[in-house]
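J.: Sequence first, predicted coordinates after that:
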Amino acid sequence: MKTAVKIRPMLWPRIGAGILALFLFFCSCFTFFIMNREVIYEGITINGILVGGKSQQQAVEDLEAVMEPVFTKERLTVVYGGDSWDISLKGIGGYFDYYHAVKQAYSIGRRGNAVKRLGEIYRAREEGVDVPLRFSYNTLALRAFLEAIDREIANPAVNATISRKGQIFVVTPEVKGAGVDIDLALKQIGSKLEKKDWSRKQLPVKVKIPEITADMLNPISTRWGIFHTAFDTGNKGRSENIRIASSSIEGTLLKPGEIFSFNQVTGSRLSENGYMEAPVIFKGELTQGVGGGVCQVSSTLYNAVLYSNLEIVERHPHSLPSAYISKGRDATVAGDILDLKFRNNTDGYVYIACWTEGGRLCAAVFGREREENYDIKIRTETVQVIRADTEIIMDATLKEGEEIVEKEARDGYRVKTYRQVFKGDKLEKEELLSFDFYKPEKGVIRKGISPAIGSGIDEGQNIVRY
């Protein structure tokens with residue numbers, strides 16, 4: 001008869017602890033295995049495509065196998081009216097961002113502490129997690145596609161225009177345009193593309209409002225200032241230059257705040273632009289040059305602008321006084337160096353007129369009827385007269401008493417010019433416009449030498465005396 005072996009009561013806790021330790025060991029191993037697999041966890045899909053249990057590279061390949069035919073087949077189609085335009089997804093720089101989606105899928109269950117990670121793994125396995133597949137495109141390529149359509153269908157806005165016959169103005173109304181609303185189309189189409197919506201897209205169209213409307217030009221009816229100077233029509237080159245420059249100015253519109261540039265409006269004074277040779281002042285000397293006479297146009301316009309009470313931005317005097325206009329009231333221009341500029345400092349559009357009538361050059365400024373009742377006067381003040389010297393050259397080749405004036409002496413001047421604003425007989429404002437300096441020009445006279453004085457002097461030798 002066998003005797004039963006009795007386990008001592010003190011051994012039971014030890015056995016339980018061992019079993020628990022073994023269980024925890026196996027749990028740790030299982031958890032370590034689960035949390036360190038180099039594959040995407042089970043239950044995860046991308047755009048509905050199963051990628052769980054696959055490596056990242058395998059997932060990319062599976063996505064490409066399913067989506068590349070879609071990428072090749074689908075096109076972006078936009079419609080407007082009865083017309084449609086389409087372009088391949090590749091044509092707008094489109095692509096499916098497989099690697100970004102796979103990276104997101106792989107990161108599930110790999111973020112945070114162990115408890116959080118295990119929770120994500122469990123939920124993915126039991127409930128499933130779908131990672132969106134992003135479609136990206138090149139915004140500039142899509143814009144270029146839309147702009148090409150706009151060029152095809154757009155009706156450009158046409159500004160209102162104004163023409164003058166004497167002091168009568170005729171306004172031609174503006175015409176509204178229409179075209180693709182590029183910014184709105186980018187937003188709407190881009191949103192659909194990002195959702196992989198390949199349906200036809202309706203192009204949004206916007207009305208294009210002209211910059212200049214009839215309402216802006218209709219108030220132009222009143223002449224603010226006018227000025228004219230005379231020129232010799234017998235000088236063909238100079239007359240033609242004056243005609244070209246004045247005709248290029250006629251009809252210029254200035255919006256509120258805009259600056260008029262004489263050089264910009266009239267263009268380069270070149271023979272290919274029709275300008276001819278005529279006398280010009282260059283470095284203080286009167287000489288021949290292409291475009292001679294244009295400064296008379298700028299000077300005439302300058303004075304019309306002064307009487308219109310517009311703001312002068314840039315103006316330069318000649319180095320010598322001009323025959324066609326008073327000192328202090330001329331305005332020279334030269335290439336891109338010297339310009340005449342003024343600003344429309346009113347709240348309405350201004351019309352600049354410039355024309356010739358026989359031997360008279362006229363310039364005028366027109367605008368809306370002004371509420372202010374004032375008169376403009378221009379006052380000049382000669383501050384200093386600088387007498388010019390005359391050089392006397394005793395010339396043995398000239399007979400006694402014979403005299404030749406080679407160059408006339410010109411006095412110099414310092415001149416101040418003011419613009420005065422009168423209301424009735426009351427002077428409201430006086431503005432110093434300029435303080436000009438016209439340099440003196442020395443004269444040259446050759447005089448013959450008497451036989452007595454000239455004896456012993458070789459023929460052709462000159463004696464210079466002052």
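T.: Nice, I can see it.
J.: Check whether Glu369 really touches Arg223, as I assumed.
T.: No: the criterion here is Cβ atoms under 8 Å, and Glu369 misses it with Arg223 at 10.4 Å. For the C-beta atoms, the positions are set from N, CA and C on the backbone; glycine is no exception.
J.: And those two? Which one has more around it.
T.: Arg223 (15 against 10; other Cβ atoms under 10 Å).
J.: Just want the phi and psi numbers for the more buried one.
T.: With angles defined as degrees, to the nearest 10, Arg223 sits at phi -80, psi 120.
J.: Wait, it touches Ala363, no?
T.: No: with contacts counted by Cβ under 8 Å, Arg223 stays clear of Ala363, the gap being 11.1 Å.
J.: so who does Trp355 touch?
T.: Counting by Cβ atoms under 8 Å, 6 or more residues apart in numbering, Trp355 makes contact with 246-247, 250, 362.
J.: can you check Glu194 too?
T.: Going by Cβ under 8 Å, 6+ apart, the list of residues near Glu194 reads 134-136.
J.: One more pass at 10 Å, please.
T.: 132, 134-137 (Cβ atoms under 10 Å, 6 or more residues apart in numbering).
J.: List buried residues within those.
T.: By neighbour count, with 16 or more other Cβ atoms under 10 Å, the contacts of Glu194 hold 135, 137 as buried.
J.: Inside strands: which ones of the contacts of Glu194?
T.: 135-136 (DSSP state E).
J.: I'd like to know which of the contacts of Glu194 is nearest to Asp232.
T.: Of all those, Asp232 sits closest to Tyr137, with 69.0 Å by Cβ to Cβ.
J.: Tell me how far the closest one lies from Gly190.
T.: 7 Å (Cβ to Cβ, to the nearest Å).
J.: who touches both of the two?
T.: Common neighbours of Tyr137 and Gly190 (Cβ under 10 Å, 6+ apart) are Ile92.
J.: Report the central residue of this protein.
T.: Glu258 (13.7 Å; Cα atoms, centre = their mean).
J.: Would you check how far apart the closest residue to that one other than its chain neighbours and Lys255 are?
T.: Closest residue to Glu258 apart from its sequence neighbours, by Cβ to Cβ, 6 or more residues apart in numbering: Asn344 at 5.3 Å. Computed as Cβ to Cβ, the Asn344 to Lys255 distance reads 7 Å.
J.: now do Gln58
T.: In terms of Cβ to Cβ, Gln58 sits 66 Å off from Lys255.
J.: thinking again about what came up before, who's more crowded, Asn344 and Lys255?
T.: Neighbours per residue (other Cβ under 10 Å) separate Asn344 from Lys255, with Asn344 holding more: 22 against 12.
J.: On the pLDDT front, check the more buried one for me.
T.: Per-residue confidence at Asn344 stands at 98 (pLDDT).
J.: One more: Asn36?
T.: pLDDT, Asn36: 55.
J.: Same check on the one 3 residues further on?
T.: Per-residue confidence (pLDDT) for Val39: 92.
J.: and it, how many residues sit next to it?
T.: 15.
J.: So it: helix, strand or coil?
T.: Here Val39 is coil, with the state taken from DSSP: H, G, I helix; E, B strand; the rest coil.
J.: Next one: it from Val51, what distance?
T.: Where Val51 is concerned, Val39 sits at a distance of 9 Å (Cβ to Cβ).
J.: quick revisit: mutual contacts of Asn344 and Lys255, please.
T.: Joint contacts of Asn344 and Lys255 (Cβ under 10 Å, 6+ apart) are Val350.
J.: bridging residues for Lys423?
T.: With DSSP bridges applied, Lys423 shows beta-bridge pairing to Lys426.
J.: my guess is Glu174 meets Val207, correct?
T.: No: counting by Cβ atoms under 10 Å, Glu174 stays clear of Val207, with 12.0 Å between them.
J.: any residues in contact with both of these two?
T.: Joint contacts of Glu174 and Val207 (Cβ under 10 Å, 6+ apart) are Ala157.
J.: Settle it for me: which of the two has more neighbours?
T.: Comparing Glu174 with Val207 by other Cβ under 10 Å, the one with more neighbours is Glu174, at 20 against 11.
J.: can you tell me how far the more buried one sits from Asp150?
T.: Taken as Cβ to Cβ, the span from Glu174 to Asp150 is 20 Å.
J.: same check, this time on Ala409
T.: Taking Cβ to Cβ, one finds Ala409 at 68 Å from Asp150.
J.: Gly367 too?
T.: Distance of Gly367 to Asp150, given as Cβ to Cβ: 36 Å.
J.: Which one's more surrounded, these two?
T.: The neighbour comparison of Gly367 against Asp150 (other Cβ under 10 Å) goes to Gly367, with 22 against 18.
J.: Surely that one and Leu310 touch.
T.: Yes: checked against Cβ under 10 Å, the pair Gly367 and Leu310 is within contact range at 9.3 Å.
J.: Now list whatever residues contact both of those two.
T.: Residues touching both Gly367 and Leu310 by Cβ under 10 Å, 6+ apart: 224-225, 254, 344, 346, 350.
J.: can you list residues touching both of Arg223 and Ala363?
T.: Common neighbours of Arg223 and Ala363 (Cβ under 10 Å, 6+ apart) are 304, 307-308, 353.
J.: Out of those, who's the most crowded?
T.: Of all those, the most densely surrounded is Ser308 (24 neighbours; neighbours counted as other Cβ under 10 Å).
J.: Which residues are in contact with that residue?
T.: By Cβ under 10 Å, 6+ apart, Ser308 lies in contact with 223-227, 342, 344, 346, 350, 352, 363-367, 370, 376.
J.: What's the ChimeraX line that selects buried ones from these?
T.: Buried residues within the contacts of Ser308, by 16+ other Cβ under 10 Å, are selected in ChimeraX with:
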select :224,225,226,227,342,344,346,350,352,363,364,365,366,367
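J.: So which of the contacts of Ser308 are in strands?
T.: Those of those lying in strands (DSSP E): 223-227, 342, 350, 352, 363-367, 376.
J.: of all those residues, which comes closest to Asp425?
T.: Checking the ones in strands among the contacts of Ser308 one by one against Asp425 (Cβ to Cβ), the nearest turns out to be Ile376, at 14.3 Å.
J.: How about the contacts made by the residue nearest to the closest one when sequence neighbours are not counted?
T.: Distance criterion Cβ to Cβ, 6+ apart; nearest residue to Ile376, sequence neighbours excluded, is Tyr307 at 4.9 Å. Shown in contact with Tyr307 (Cβ under 10 Å, 6+ apart): 223-227, 363-365, 375-378, 419.
J.: Over to Val79?
T.: Neighbour list for Val79: 85-86, 200-203 [criterion: Cβ under 10 Å, 6+ apart].
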